[in-house]
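Undergrad: Model the following, please.
(chains A and B)
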Amino acid sequence: MAGRRFHSIGTLLVVLILTALVPSIVAGQADSDSFINTDEPAWLIIVGALVAIVLIIVIALWRMEGFGKAELAHWLTTTNHKDVGLLYLWASIIFGVIGMALSILIRLQLIVPDNEFMTGGLFNEAVTMHGAVMVLFTVSPMAFAFANYIVPLQIGARDMAFPRLNALSFWTFVLGGLTAASGFFFGGAADVGWTFYSPLTSIDYTPGAGVSLAGAGLVLLILSVTGSTINFLVTILRHRIPSMEIMHMPMYTWSILFTVILMLIIFPALLGAVLMLVGDRVFGTLFFDPAIDGTTWWLHIFWFFGHPEVYVVLMPGLGMALEVVPTFVQRHLYGRKIIIWSLMVALVLSVLVWAHHMFVTGINPTFRKIETIGTELISVPFGIVYLCLLGTFHKSKPDFTKLPLAFVMGAIGIFLIGGITGVFLSSVAMDVQLRGTYYIVAHFHYTLGSVAVMTLAGIYYWYPKMFGRMLDRGLGWWHFWLTFLGINLTFIPLFGMWDMPRRIYSYQANEGWATENLFATFGSLVVFVGQLIFLWNFIRSMKHGELAGDDPWGGSTFEWSTSSPPPEHNFDELPELIS
Amino acid sequence: MQMDNRTFWMITGSIVILLLSLASIFNWFQGLGGTGEHAAVYDELFTLYWTLGSGIGLAVYLYFMWLLMTSTDEGLDEASLGQAPTDRGDKRVAYAITVVLTLFLLVLSDVTFDSIDFFEDPETTDESFTIEITGYQYYWDYQYPNGIHYTSWGSEPLRVPVDVPVVFEVTSGDVFHSFALPEHRIKVDALPSRSNTGWILAEETGTYPVRCFELCGDEHAIMMGELEVMEKADFEAWYSSGGAA
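TA: Have a look, this model is predicted:
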């Protein structure tokens, strides 16, 4: 087993070297005077979130395995795809708690005009880290959690193609997230917006360690994502049971295939951008020098990543919805092949339209018009997918008493609003006014909110498979209604504030934004209470939920043909697909 | 028709929410009180998008409601475990959606392009002049052609005459800002080493807010100013006196 030992040592070395990079950056830049500014009341919430996280870890361990040395060692060294999936799940829940706490901070600051709850600096940290943590460290890993757990089961594989690479991906991801968030304790986290617009990110304007730490965290994340991408591509393309042709793959597996292909295209751009940025900050390179129009350079390269990233986040959620609907309405999916081809078209279009984030920056007018048309055209494939999803309900027998379907119904409503308001933004002329306002904030929270709600549908759908027990239905309905109404209550008013700039920490009473902000804050608290109920339900049901059996929903894909939770090797006898 | 209570509430709720959100966009839009020709052009465009957008949204919801009412016990074709998924659906549906949506979007693009051309090509007259505006953390620097030069830091407003097209050349002296006059529907990004053009034709005298719309640092929120639209004679007097207030 020399080879295996070599791999383990190599893995360890990579992780160690990467970890060592972090303190060296911090040592260069940390401002020791400002190590947690306890004068700010907002810190109580951050500390509260940290306590909550520790509690979640402790309770999760206690619920899942107990506290023994063996159990701990198991979770630290596991390479089984289901265990890695569960680790991703817990990690994304924990990052979700951080992201949620930050959003509550933002909303509390904006609840009334001229609020002095937070300073501009801390508010910017909260805004930046809320965006980065939610998009990159919560929703995406949540998708990886299910992809890890479900995809090998759906295609009849015993494990991922490269199990150890899978574990490495997970641990680098955790390290990356912690590195990015650790800025809070080293003189302030990144406070330049999650889009990291140059030249505000340069060492001249933002001297603290936060931006460099976020950069280091992103590098680790990209490493993790690249590993996962290769892993999923090989697994999905080469490890299916022989009787499963590619067009027979379940929709969720399709969506993960599209997700990782898109990731493979865009994350190298982010890696390049981040390395150049950290180079500028730490080693004094001049990639984003304002004198040579570095701002535009950053915008192009960042949005080449940033726009498709939205679809990276969307695809897995959509895959869950496409899996849930046919199961609960007792019809085959309408237009299965049409959906697959449409998603492929959307994938291609999505990497061609990044410049719609730069409509007002003075780029070439003809290019802008092309980008307007391209962006509008994206609504064609997604319109087709959406209508096919709705079409599945035609002459069906939907069972609305089932929670996964309820969540998909909620997501269908939320996604429609997000999609239609997005068409407004594709117009270069409309964008002149809407750019940088709360209208944008409302729009992308409607699209990403629908993804979050679809993901919740996926959690309710696959939880029985993962833990062998059902989530409590009563609490589930509370969770559904609080989440659905809360999201709408939070973001409907924001559409109206289309003259309020994003990311301002304070506004005046005479600007007419007070009522809307009050409603939005109230709505965000409703969502927050909903998620607390969910968390409680999630933890409680692991021990006390009703026993699920192998196939509680009447699902037709292979994960339902094995026991809940599945044995370590997934199937006692590999299933066969009958065509 | 097998609609239980929960279905009913879910559908009703989502329709109400759709209507509310569209109404909210529109109402607040109406309440913003824009002024000048830009606002007229912009608001017309917005109204077009809003009408079509809410029309399509509503149509989709009604269609979905109708689909839910077709719910039946017969002809179900639920997949069974371990069976390869069967494809159903008509490709022509996809082609039809593609053609209709594309045509619809191209029409919208055409209207959009007319508006953006208006926003970006200043219709200057003999009286027109250009103000150079430079963003700094956290104020605007105004430079008039005759040498008048001041900043928004001391709460002094940006002064322009009424009924005269005024061109803004916007750039930045440090980080990324965005110069905006929300009530005139004008927004020009201020990037270092780039100069972007915007213009207004103010039709009413009065003062209007100036705002920065790109995160530019800790005090981004206070990067505010005022635009003062003056009578031509008053402006002339101020302008020829070299900026004496």
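
Undergrad: for A:E576, phi and psi?
TA: phi -120, psi 140 (degrees, to the nearest 10).

Undergrad: Could you grab the helix/strand/coil label for the nearest residue to it once chain neighbours are set aside?
TA: Once flanking residues are discounted, A:E576 sits nearest to A:S243: 5.3 Å by Cβ to Cβ, 6 or more residues apart in numbering or on different chains. Bear in mind the C-beta positions are built from the backbone N, C-alpha and C, glycine included. With DSSP: H, G, I helix; E, B strand; the rest coil as the basis, A:S243 sits in coil.

Undergrad: what about A:S243, distance to A:S255?
TA: Remark: distance between A:S243 and A:S255 (Cβ to Cβ, to the nearest Å) = 21 Å.

Undergrad: residue contacts, the residue nearest to A:E576?
TA: A:E576, A:L577, A:I578, A:S579 (Cβ atoms under 8 Å, 6 or more residues apart in numbering or on different chains).

Undergrad: Please repeat the previous calculation with a cut-off of 10 Å.
TA: A:S243 makes contact with A:G156, A:L574, A:P575, A:E576, A:L577, A:I578, A:S579, B:G82, B:A84, according to Cβ atoms under 10 Å, 6 or more residues apart in numbering or on different chains.

Undergrad: likewise B:Y136?
TA: B:T151, B:S152, B:W153, B:S172, B:G173, B:D174, B:V175, B:H177, B:A190, B:C216, B:M223.

Undergrad: List the contacts of the fifth one.
TA: When you say that, I think you mean B:G173. Contacts of B:G173 by Cβ under 10 Å, 6+ apart are A:P290, B:T134, B:G135, B:Y136, B:Q137, B:Y139, B:D141, B:A190, B:P192.

Undergrad: Check chain A for its longest helix and report it.
TA: helix A:294-329 (DSSP state H).

Undergrad: Could you look up the SS state of the residue sitting nearest the centre point of chain A?
TA: In chain A, the residue lying closest to the centroid (Cα atoms, centre = their mean) is A:V139, at 1.9 Å. At A:V139 the chain is in helix, as set by three-state DSSP.

Undergrad: Report the buried residues of the host helix or strand of A:W536.
TA: Assigned by DSSP states H and E, A:W536 belongs to helix A:514-544. Neighbour-count burial for helix A:514-544, with 16 or more other Cβ atoms under 10 Å in any protein chain shown as criterion, is recorded at A:514, A:516-521, A:523-528, A:530-531, A:533-535, A:537-542.

Undergrad: Select from the contacts of A:S243 the one having the most neighbours.
TA: A:G156 (24 neighbours; other Cβ atoms under 10 Å in any protein chain shown).

Undergrad: which phi and psi does that residue have?
TA: A:G156 has phi and psi values of phi 70, psi 30 when expressed as degrees, to the nearest 10.

Undergrad: Run a quick neighbour tally on the closest residue to it other than its chain neighbours.
TA: Nearest residue to A:G156, sequence neighbours excluded (Cβ to Cβ, 6+ apart): A:I241, at 3.6 Å. For A:I241, the tally of surrounding residues (other Cβ under 10 Å) stands at 14.

Undergrad: is it true that A:I241 touches A:P575?
TA: Yes: look at A:I241 against A:P575 with Cβ atoms under 10 Å: they come within range, at 6.8 Å.

Undergrad: what sits in contact with each of the two?
TA: By Cβ under 10 Å, 6+ apart, A:I241 and A:P575 have these common neighbours: A:I155, A:G156, A:F558.

Undergrad: which residues touch the most centrally placed residue in chain B?
TA: For chain B, B:R185 is the residue whose C-alpha lies nearest the centre (Cα atoms, centre = their mean; 7.3 Å). Contact analysis of B:R185 by Cβ under 10 Å, 6+ apart lists A:429, A:432-433, A:499, B:32, B:34-43, B:45-46, B:115, B:119, B:200.

Undergrad: Filter the residues you listed down to the buried ones and hand me the ChimeraX line.
TA: Only the buried entries of those go into this ChimeraX selection, using 16+ other Cβ under 10 Å:
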select /A:429,432,433,499 /B:32,34,35,36,37,38,39,41,42,43,45,46,115,119,200
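
Undergrad: Distance from stretch A:199-206 to the middle of the chain?
TA: 27 Å (Cα atoms, centre = their mean, to the nearest Å).

Undergrad: Now do the end-to-end distance for it.
TA: In stretch A:199-206, first residue to last residue: 9 Å (Cα to Cα, to the nearest Å).

Undergrad: Quick one: mean pLDDT over that stretch.
TA: When pLDDT is averaged along stretch A:199-206, the result is 88.

Undergrad: Any part of it near chain B?
TA: Yes: for stretch A:199-206 and chain B, the contact criterion (Cβ under 10 Å from any Cβ of the partner chain) is met by A:P199, A:L200, A:T201, A:S202, A:D204, A:Y205, A:T206.

Undergrad: burial of the last one, as a residue count?
TA: Here the number of neighbours of A:T206 (other Cβ under 10 Å) works out to 23.
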